[in-house]
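Chemist: Have a look at this fold, sequence not included:
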């Protein structure tokens, strides 16, 4: 199971870690904003 949490959300990160979860360091998230998507048409 994977969870996603913002890096500044320390309470959630601590909760997930208390459940035995560990950060996944081999993934990088990319994002296109709405205006960038409109340019792709």
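Modeler: That came through fine. Bear in mind that the values here come from a model prediction, so they are computed numbers and not experimental data. Numbering: from 1, shown residues only.
Chemist: can we go C-alpha only for contacts and neighbour counts from here?
Modeler: Fine.
Chemist: Helices of this structure, start to end?
Modeler: For the chain, the helices defined by DSSP state H cover 10-18, 34-39.
Chemist: deepest of the ones you listed, which one?
Modeler: helix 10-18 (a mean of 13; mean count of other CA atoms under 10 Å).
Chemist: quick one: low-confidence ranges for this structure?
Modeler: Regions of the chain meeting the criterion pLDDT under 70 cover residues 41.
Chemist: Tabulate the helices of the chain (JSON lines), appending distance to residue 24.
Modeler: Output for these, formatted as JSON lines (distance: least, CA to CA, whole Å):
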{"stretch": "helix 10-18", "distance to residue 24": "12"}
{"stretch": "helix 34-39", "distance to residue 24": "27"}
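Chemist: who wins for proximity to residue 1 among those helices?
Modeler: Each of the helices of the chain was scored for nearness to residue 1 using CA to CA, and the closest is helix 10-18 (11.1 Å).
Chemist: Looking at the helices of the chain, which is nearest to residue 25?
Modeler: Nearest of the helices of the chain (CA to CA): helix 10-18, 14.1 Å.
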